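S.K.: Predicted model, plus sequence, below.
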Amino acid sequence: MTETAKAAPFSPDEAFRPPRNQWWDVWDQFKYHRGALAGLAVFVAIIVFVTIGPLIWQVDPGAINIRSRNQGMSMTYPLGTDQLGRDMLARLMYGGRISVAVGLVAMFLGLVIGTLIGVVAGYFKVFDSPLMRLTDLFLALPLLPLLLILVALFRDPLETMFGQAMGVFSLIVFAIAITSWMQTARIVRGDVLALKEREFVLAARSIGTPSLRINTRHVLPNVLSPIMVSATLGIATAIITESALSFLGLGFPPDFPTWGRILYDGRDWIEQYPSRVVWPGVLISLTVLSVNYIGDGLRDALDPRIRGR
Amino acid sequence: MTTRTVLLGTAAALVLAPASAMAERERGSSGHLNIIYWQAVSTMNPYLSGGTKEMNAASVVLEPLARFDNLGELTPWLVDEIPTLENGGVAEDLKSITWKLTEGLLWSDGTPVTSADVVFSYEYCTHPEGGCSYRDRYAGIEQVEAVDDLTVTVHFEDVTPNPYLPFVGAGSVIIQRAQFQDCLGARAPECTDANFAPIGTGPYVVSNFRPNDVIEFVANENYRVPTQPYFETVTWAGGGDAMGAARAVFQTGEMDYAWNLQLAPEVIEQMEAGGRGELLVDFGPLMERIELNFTDPSPDLPDGERGTREHPHPILSDIRVREALSRAIDRELLTEIGFGPMGMATCNFIVAPPAMASPNNDNCLVQDIDRANELLDEAGWERGADGIRVKDGQRLELLFQTSTNAVRQDFQALIQADWREIGVDTRLRNIDAGVFFGSDPGSNDTYLKFFADAQMYASLFEGTDPTPHLEQRRCGREPQPSTQWQGQNINRYCNPEYDELWAELNREADPDRRQELVIALNDMFVQDYAHLPLVARGRVSAASTTVGGIVMNVWDSEHWNQAEWYRIEE
């Protein structure tokens, strides 16, 4: 008898354990996704490289040293120098700051716009059709001509307002965000359409919960998973777009090294000094890949139906 | 094989070769030619664009009365002989010149070329409401008179010792009156069909023109030399960059001719070693320079006044600042890094022909940071906390723009570092070459509008006489709203003394005195630090080893003898 009493399932300690934060569940699931873990490690390493790196490796990325042009790897120049004797390591660090910053900010902006439009279109029937047509319109907009026009119209006023670097930064971030929110909007709208017919939303509505509160409390948390995924993909697209723009000479001015520009500048020397192209290329690829893996892991981890399998 | 058969074979080949070559080379016998211009051509009417690329493309369709050959000598083109004092073509008083068109010349549409077309070309370019880019060629003309169907007399207002400007060289071509007569003045840019496919006398006719993209040419059936052009069709591709163009000739072989390969010397050398193509280099008047803006490009000014002489530049109007900027630049280093053997450091506005190049300005070849600092101190610019100079609360900050090009971006970085050393903060901007050198008056990024403090590009003049090139820097020749932003006084220089001296040059007949005057004008302009010469550049193009007959020409269009290009059969 005593044996059975001991084995009783009821234990006051367990029952009154403080509720576990759901993010711990997410992390529990996430950490079993090897690719995502590796991706996270690489991404954190890159962030550290571009943020803390320049504090340790204090070399001016713009400093020209003609006598040491086109050098290979050495103790003085760990990644060599470019055609004007500028230190590649320093340039990659500073370049990464801009590239990653553009990626993160543009992603965030695009996400906010996309989610907002998606939720409004999905939840309020009146807005559905016009907003989705607007989305279609933006999907049809080609990025490059749009950017050419944006540059022509807004570069001067933005530069006078924010200074050259911030002016171009805001312009590029804006341009990328304005052309990348549509996928998020579509995904979110689809999910919201399905969600709002579910019982718990119906229940919330029946007790008079206002729409805003239903959305923030019940709908948004349930569409978090697709949003997160499109967020990670968004960073990758934004970094690639910025590279493409710098590559075309439409992005930042030439004295702001970004990964895309370093790649562009190195292209002419690809045969003589391939490392000039390889390093920025590897960094761009690594960032994009790692972010994609994180997104993959997050999607699995955030979906409660998959969790635990 | 015995020695005898070898000898016999050789003899036979020697006898047969010229005959077979002659037999083979007929109009169209060489098939198709691919040309790549990494700056795409935007119009086929050179009068509506100041660009070299447009002039070159147009030169295979539209021709002048006389051209300069590869040695800079005047060569009759649509005429039988060059009019001179000796043969009576140039009047004794040096106030008129009479050209006689070759008999039987036909336009590509089969109609005869007459003196009326020549007169019309003059009227077209000098129309008061138009913005003709080569108007300087027709400066000082009182009247162009059609004496009879084939004879044209140009009457000058004044004694004109060098009458070989109008209708000479790839910049002042003859256009067909019938095609362009409704396109005068402000309506010129509206005649798209005519501007994109002009009827000409040259070896080729435009069969398809896509602006800023590609041009297809076919041989002109009415070309005056019955066996030419040897290439039946030409594709004139545009776009991309110098590197891609060089690769297309040297490595992939998909293109036969690539224009203006402004690439790092090491890169070019390595490519040429491949043996598929050869580099064509020749030094002419082409010079890479920095123009300093004399007008205020501030975006706060209203649209019609920005970048015009109504608002002088707040910083660069001071000659001491301009001189300091010049002295701080290390030209020898720029040349070594950017051009190697394809460039020469220079301090002159007129760098060629050699006799016209001034020997008086070599002091700028050596970088002199101390002198530059002194000058800025004198001018009242004092170093601020961050090392940048400040005066009356204004930072010494300049916007420095150029086209997107690896060498130019390296130059920008080097010059930025040089200027930083004397306390000048430079903001850099690079603009796609197609836009920067484009002639779209709606774009704010063209070198003509010059909405920046300094800009770098290269420019040249055709022909051997720098008079029209010097004329470009006269007052009133600057791009401005009333000329639809056309004009070549890019830095908006205005100096009455200069104008007077130029007028004197324009009157002078004695060649030695002319030379002195050219040098004096050059010195005045350069010592005013109105612009900063950097590097005299060789013209560098590349041709496939399978194309023959190309004669590089720095004094006219590179395509001056395009009709004679042929495919070398293996």
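M.R.: Noted; the coordinates are in hand. Residues are numbered from 1 along each chain as shown, chains lettered A, B, ... in the order given.
S.K.: Report how many residues lie close to whatever residue of the stretch 1-150 of chain A ends up closest to chain B.
M.R.: Of all residues in the stretch 1-150 of chain A, A:I64 sits closest to chain B, at 4.8 Å by C-beta to the nearest C-beta. For the C-beta atoms, the positions are set from N, CA and C on the backbone; glycine is no exception. Using other C-beta atoms under 10 Å in any protein chain shown, A:I64 has 21 neighbouring residues.
S.K.: so it sits in a helix?
M.R.: No - judged by DSSP: H, G, I helix; E, B strand; the rest coil, A:I64 forms no part of a helix; its state is coil.
S.K.: Please give me every residue in contact with it.
M.R.: A:84-86, B:413-414, B:417 (C-beta atoms under 8 Å, 6 or more residues apart in numbering or on different chains).
S.K.: Secondary structure, distance to B:Q270 and pLDDT added to those residues, as JSON lines?
M.R.: Putting those into JSON lines (DSSP: H, G, I helix; E, B strand; the rest coil; distance: C-beta to C-beta, whole Å; pLDDT from 0 to 100) gives the following:
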{"residue": "A:L84", "secondary structure": "coil", "distance to B:Q270": "19", "pLDDT": "83"}
{"residue": "A:G85", "secondary structure": "coil", "distance to B:Q270": "20", "pLDDT": "84"}
{"residue": "A:R86", "secondary structure": "coil", "distance to B:Q270": "22", "pLDDT": "88"}
{"residue": "B:A413", "secondary structure": "helix", "distance to B:Q270": "23", "pLDDT": "90"}
{"residue": "B:L414", "secondary structure": "helix", "distance to B:Q270": "23", "pLDDT": "91"}
{"residue": "B:A417", "secondary structure": "helix", "distance to B:Q270": "27", "pLDDT": "91"}
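S.K.: touching chain B at all, the longest helix along chain A?
M.R.: In chain A, with assignment by DSSP state H, the single longest helix is helix A:88-123. No - counting by C-beta under 8 Å from any C-beta of the partner chain, chain B has no neighbours in helix A:88-123; the shortest distance is 11.4 Å.
S.K.: residues in chain A within reach of chain B, list them.
M.R.: A:62-64, A:66, A:69, A:83-84, A:86, A:152, A:156-157, A:160, A:164, A:248-250, A:253-255, A:265, A:267-269, A:271-272.
S.K.: One more pass at 6 Å, please.
M.R.: By the rule C-beta under 6 Å from any C-beta of the partner chain, the part of chain A lying against chain B is A:64, A:84, A:156, A:164, A:249, A:253-255, A:268.
S.K.: Could you work out the end-to-end span of stretch B:550-564 for me?
M.R.: End-to-end distance for stretch B:550-564: 8 Å, by C-alpha to C-alpha, to the nearest Å.
S.K.: again with stretch B:468-485
M.R.: Start-to-end, stretch B:468-485 (C-alpha to C-alpha) is 19 Å.
S.K.: Quick check: buried residues in it?
M.R.: B:468-474, B:477-480, B:483-485 (16 or more other C-beta atoms under 10 Å in any protein chain shown).
S.K.: nearest to chain A, of those?
M.R.: The closest of these, once distances to chain A are taken by C-beta to the nearest C-beta, is B:W485, at 15.0 Å.
S.K.: right, and B:T295 touches B:R492 too?
M.R.: Yes - judged on C-beta atoms under 6 Å, B:T295 makes contact with B:R492 at a distance of 4.7 Å.
S.K.: Just the pLDDT at the residue lying closest to A:S74 once chain neighbours are set aside, thanks.
M.R.: Leaving aside its chain neighbours, A:S74 sits nearest to A:G80 (7.5 Å; criterion: C-beta to C-beta, 6 or more residues apart in numbering or on different chains). We note a pLDDT of 85 for A:G80 in this prediction.
S.K.: could you show me where the strands are in the stretch 1-150 of chain B, in order?
M.R.: For the stretch 1-150 of chain B, the strands defined by DSSP state E, counting those that start in this stretch cover B:31-37, B:66-68, B:74-76, B:96-100, B:141-148.
S.K.: where do the strands sit along the stretch 301-450 of chain B?
M.R.: B:343-345, B:382-383, B:389-391, B:394-395, B:397-403, B:425-431.
S.K.: repeat for the stretch 101-250 of chain A
M.R.: Going by DSSP E, counting those that start in this stretch, the stretch 101-250 of chain A shows no strands.
S.K.: Where does the stretch 451-570 of chain B get nearest to chain A, residue-wise?
M.R.: Closest point on the stretch 451-570 of chain B to chain A, by C-beta to the nearest C-beta, is B:F451, at 7.7 Å.
S.K.: Mind checking what secondary structure that residue has?
M.R.: Classified using three-state DSSP, B:F451 is coil.
S.K.: ok, it to A:L153 distance?
M.R.: B:F451 sits 14 Å away from A:L153, taking C-beta to C-beta, to the nearest Å as the criterion.
S.K.: that older thread, contacts only, for the residue nearest to A:S74.
M.R.: By C-beta atoms under 6 Å, 6 or more residues apart in numbering or on different chains, A:G80 lies in contact with A:71-73, A:88, A:275.
S.K.: ranking those residues by neighbours, who comes first?
M.R.: A:M88 (26 neighbours).
S.K.: pLDDT value on the residue of chain B found nearest chain A, please?
M.R.: In chain B, the residue that lies nearest chain A is B:T404 (3.5 Å; C-beta to the nearest C-beta). Looking at B:T404, its pLDDT stands at 83.
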